[in-house]
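Novice: This is a predicted model, with the sequence first.
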Amino acid sequence: MKYEILKSYFGYPFFREGQEEAIDALLQKKDVLAIMPTGAGKSICYQVPSLLFTGVTIVISPLISLMKDQVQALNASGIRAAYLNGTLTFPQYKKAIQLAGQGEYKIIYVAPERLDHPLFLKMLSKIEVSLIAIDEAHCVSQWGQNFRPSYLLIKSFIESFPKRPRIGAFTATATHKVESDMIELLGLKNVQTINTGYDRKNLFFSIERPKNKEQRLFEIVEAKKDSSGIIYCTTRKDVETICQSLNAKGIKVTRYHAGLSSEERSGNQEAFLYDEIPWIVATNAFGMGIDKSNVRTVIHYSIPASLENYYQEAGRAGRDGEESECILFYSPKDERTILFLIDHQEYAESLDDQEIQTRQEQEKARFAKMKGYALTSTCLRAYILHYFGQQTLTSCDHCSNCTQEHEMLDVKEETSSFLKAILETKERYGSQLIMQMLKGSKAEKIVRYQFDRLPSYGALKEKTQDFIRSLFYFLQEEGLIEIVEAPYPVLKLSNAGYHFLKEPDALYMPIFKEEEVLQEKEDALFLQLKALRMRLSKKFRIPPYMIFPDRTLKELAFKKPLNKEQMLKVNGVGEAKYKKFGRYFVQFFRSQAPKD
């Protein structure tokens with residue numbers, strides 16, 4: 001029966017990794033904790049069993065935009081669903097509650113803040129609840145990156161039911177500590193943990209350290225302007241600057257941050273979701289719960305605060321399983337912004353000074369791991385998977401560190417020169433001044449501070465500026481130098497750096513060759529299908545990817561179905577979707593077929 005539901009409502013003949021295991025555990029009356037990467041299809045794990053159970057499924061989610069999208073997609077697939085959150089007016093909320101109490105819906109999405117709302121609780125007393133699904137379950141843990149106090153209500157909410165429903169908790173990222181917190185704080189019992197791993201094999205990860213970030217960003221987006229992408233920035237100011245710059249250069253982009261009105265945010269988000277504007281520049285306020293499957297590129301213009309945040313945001317690329325790219329720009333200047341935000345973050349009034357200090361230390365430790373990712377010369381995928389406790393190969397052949405051609409160069413002498421330059425300037429200056437001094441620059445400050453008279457002045461004058469900058473990043477990665485805020489960033493030697501100067505040894509640094517950014521080329525038929533999908537999107541007022549994702553369009557382009565039977569054999573085409581949209585595609589292929 002579960003296979004019939006999967007095909008009929010969702011259009012897929014087979015379950016993906018972890019989905020069937022989670023569904024079977026729920027059917028066996030077990031609680032489930034499913035840790036599955038973004039794009040792995042977690043929602044199927046509770047949507048399919050919801051149609052097998054006699055009662056209603058309650059989905060607890062903090063993601064208001066996801067609720068709307070999921071309900072829209074479920075209704076388009078012939079499944080009765082609704083959502084209850086703060087975006088509804090009181091009359092709308094009351095009407096939805098009334099219909100829910102009459103058994104009109106199989107799946108009800110609710111924000112955690114609504115769990116103790118009197119109208120909601122009164123409605124629940126009238127219906128049978130078979131399953132409670134908890135999305136973004138890591139939000140219950142104070143060790144997680146997105147702790148929400150309202151999630152602490154969930155355990156008592158579950159315990160309030162006279163007959164305990166089945167419970168499914170779902171998340172994309174969780175360290176071992178967060179995993180144990182989810183089980184304890186959500187009150188999971190007889191729990192089956194399903195961890196499919198964190199690897200997103202279709203994502204290509206890369207690190208860039210451009211001299212001119214704005215120019216490099218333009219080059220990348222220009223090459224990919226016909227596909228969909230997200231550019232993440234740390235500050236609203238960067239969002240505004242980049243959006244204006246790209247639009248001025250003829251790139252069609254929109255923006256999203258908390259400083260915009262709710263109407264403008266909503267309008268810009270819809271323009272992006274409906275493929276009216278292919279690129280969006282945003283702070284991390286954007287994307288939580290955005291289920292747009294055809295995002296091909298995610299660019300982080302500046303480094304995020306943690307690997308959890310980075311992997312979640314980068315994971316918004318390629319949710320349809322197609323090849324996609326995640327690019328991180330790194331600059332030491334960005335560190336100051338993150339550390340400032342950590343030091344000036346507002347915490348709950350209930351926390352005392354010691355608890356706040358502990359929380360800040362935890363966040364700085366998470367940021368140190370994020371910085372390690374930006375600096376590593378080893379496999380980027382392996383670094384991420386190791387952080388989340390997953391053993392993996394040392395090389396993936398699908399990240400910039402593994403695929404770029406490089407040679408290993410012994411930089412023992414250059415390292416000694418760099419470390420000596422820091423000591424000669426009394427460990428009181430930042431990276432730019434040290435690198436200028438090593439290059440033999442006649443910059444005003446170099447002369448004024450008389451650095452041109454020091455022994456290390458011009459020690460690396462034969463090297464390029466790019467080489468010296470790469471050496472700086474490499475020495476950070478190797479732990480020989482540290483950046484200390486005092487009160488502005490200055491370079492200091494670590495204990496390992498002092499030891500190296502006493503006993504210099506061979507030290508090999510990878511020297512990478514530049515690679516050109518390649519532009520994707522789509523065939524004419526696929527572009528025609530995208531145009532048809534866009535017309536249907538406007539006709540039915542639903543986002544294009546909810547009609548059919550890109551991978552379904554590519555299979556349609558390959559199989560060219562001429563009738564309903566052929567169309568239903570395509571992945572992503574179910575009875576409900578065919579009934580609503582299928583005939584338009586069949587008509588298109590019949591019009592393209594050669595005439596006898």
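Specialist: Arrived safely, thanks for sending. Numbering: from 1, shown residues only.

Novice: and Ala82, bridged to which residues?
Specialist: Ile108 (DSSP bridges).

Novice: Quickly note the distance from it to Pro543.
Specialist: Plainly put, Ala82 is 19 Å away from Pro543 if you go by C-beta to C-beta, to the nearest Å. Just so you know, the C-beta spots here come from the backbone N, C-alpha and C atoms, and that holds for glycine as well.

Novice: can you check Gln436 too?
Specialist: 50 Å.

Novice: Looking at those two, which is more packed in?
Specialist: Taking neighbours as other C-beta atoms under 10 Å, Gln436 and Pro543 compare with Pro543 leading, 22 against 19.

Novice: Which pLDDT value goes with the residue lying closest to that one once chain neighbours are set aside?
Specialist: Once flanking residues are discounted, Pro543 sits nearest to Leu273: 4.3 Å by C-beta to C-beta, 6 or more residues apart in numbering. For Leu273, the pLDDT comes out at 89.

Novice: Who are the contact partners of Leu273?
Specialist: Leu273 makes contact with Asp69, Ile290, Lys292, Pro543, Tyr545, according to C-beta atoms under 8 Å, 6 or more residues apart in numbering.

Novice: so where's the stretch 301-450 of the chain uncertain?
Specialist: In the predicted model, the stretch 301-450 of the chain carries pLDDT under 70 at residues 347-350, 391-393, 405-406.

Novice: those helices in it, which residues are they?
Specialist: 307-314, 332-343, 353-375, 380-387, 400-403, 412-424, 431-439, 444-448 (DSSP state H, counting those that start in this stretch).

Novice: circling back to that earlier point, any idea how far the residue nearest to Pro543 is from Ser377?
Specialist: Applying C-beta to C-beta to Leu273 and Ser377 gives a distance of 38 Å.

Novice: and what of Ile79?
Specialist: Counting by C-beta to C-beta - Ile79 and Ser377 are separated by 48 Å.

Novice: Is Ile511 located within a helix, as I assumed?
Specialist: No. Assigned with DSSP: H, G, I helix; E, B strand; the rest coil, Ile511 falls outside any helix and is strand.

Novice: Tell me the strands beside the helix or strand hosting Ser130, with direction?
Specialist: Using DSSP states H and E, Ser130 maps to strand 129-134. Applying DSSP bridges to the sheet, strand 129-134 is found paired with strand 56-60 (parallel), strand 166-171 (parallel).

Novice: Listing request: residues of the protein with sub-threshold pLDDT.
Specialist: 144-145, 285, 287-291, 347-350, 391-393, 405-406, 486-487, 512-523, 595-596.

Novice: Mind doing that once more with 50?
Specialist: 514-522 (pLDDT under 50).

Novice: Let me see the domain layout of it.
Specialist: Domain assignment for the chain by automatic domain parsing gives 2-195, 203-403, 406-512, 524-592.

Novice: and the end-to-end length of the first one?
Specialist: Same thing as domain 2-195. 21 Å (C-alpha to C-alpha, to the nearest Å).

Novice: can I get the contacts of Leu273 in CSV with secondary structure and distance to Gln47?
Specialist: Converted to CSV, those look like this (DSSP: H, G, I helix; E, B strand; the rest coil; distance: C-beta to C-beta, whole Å):
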residue, secondary structure, distance to Gln47
Asp69, helix, 13
Ile290, coil, 18
Lys292, coil, 18
Pro543, coil, 18
Tyr545, helix, 17
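
Novice: Drop anything exposed from those residues.
Specialist: Asp69, Ile290, Lys292, Pro543, Tyr545 (16 or more other C-beta atoms under 10 Å).

Novice: Surely the last one and Asp320 touch.
Specialist: Yes. Applying C-beta atoms under 8 Å, one finds Tyr545 in contact with Asp320, separated by 7.5 Å.

Novice: How about Leu423: what's its closest non-neighbour residue?
Specialist: Leu493 (6.7 Å).

Novice: Tell me both backbone torsions, phi and psi, for the one you found.
Specialist: Torsion angles at Leu493 (phi, psi; degrees, to the nearest 10) stand at phi -80, psi 140.

Novice: What of the one 5 residues further on?
Specialist: Phi and psi for Tyr498, reported as degrees, to the nearest 10, are phi -60, psi -40.

Novice: what about it, distance to Leu423?
Specialist: For Tyr498, the distance to Leu423 - C-beta to C-beta - is 9 Å.

Novice: likewise Leu380?
Specialist: In terms of C-beta to C-beta, Leu380 sits 33 Å off from Leu423.

Novice: Likewise for Gln47?
Specialist: 62 Å.

Novice: So for these two, which sits in the more crowded spot?
Specialist: Gln47 (26 against 15).

Novice: Just list the residues touching the more buried one, thanks.
Specialist: So Gln47 contacts Phe10, Thr57, Leu74, Ile79, Ile107 (C-beta under 8 Å, 6+ apart).

Novice: again, only this time at 7 Å
Specialist: Ile107 (C-beta atoms under 7 Å, 6 or more residues apart in numbering).

Novice: what's the answer for Ser331, then?
Specialist: Contacts of Ser331 by C-beta under 7 Å, 6+ apart are Arg209, Lys213.

Novice: Swap in 8 Å and give it another go.
Specialist: Counting by C-beta under 8 Å, 6+ apart, Ser331 has contacts Arg209, Lys213, Ser302, Ile303.

Novice: and it, what are its phi and psi?
Specialist: Dihedral angles phi and psi of Ser331 (degrees, to the nearest 10) take the values phi -150, psi 130.

Novice: quick one: it from Tyr383, how far?
Specialist: Distance from Ser331 to Tyr383, by C-beta to C-beta: 19 Å.

Novice: Repeat that for Leu152.
Specialist: From Leu152 to Tyr383 the distance is 32 Å (C-beta to C-beta).

Novice: swap in Gln142?
Specialist: On the measure of C-beta to C-beta, Gln142 and Tyr383 end up 25 Å apart.

Novice: Which of those two has more residues huddled nearby?
Specialist: Using other C-beta under 10 Å as the criterion, Gln142 and Tyr383 rank with Tyr383 on top: 19 against 14.

Novice: gap between the more buried one and Pro304?
Specialist: Taken as C-beta to C-beta, the span from Tyr383 to Pro304 is 14 Å.

Novice: same deal with Gln345?
Specialist: 14 Å.

Novice: Which one's more surrounded, those two?
Specialist: Neighbour count, other C-beta under 10 Å: between Gln345 and Pro304, Pro304 has more, with 25 against 12.

Novice: The more buried one and Val298 touch, don't they?
Specialist: No. Contact criterion C-beta under 8 Å: Pro304 and Val298 do not qualify, at 11.1 Å.

Novice: any residues in contact with both of these two?
Specialist: Tyr232, Glu313.

Novice: if we can go back for a sec, tabulate the contacts of Leu273 (JSON lines), appending distance to Asp199.
Specialist: Output for the contacts of Leu273, formatted as JSON lines (distance: C-beta to C-beta, whole Å):
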{"residue": "Asp69", "distance to Asp199": "25"}
{"residue": "Ile290", "distance to Asp199": "22"}
{"residue": "Lys292", "distance to Asp199": "21"}
{"residue": "Pro543", "distance to Asp199": "27"}
{"residue": "Tyr545", "distance to Asp199": "23"}
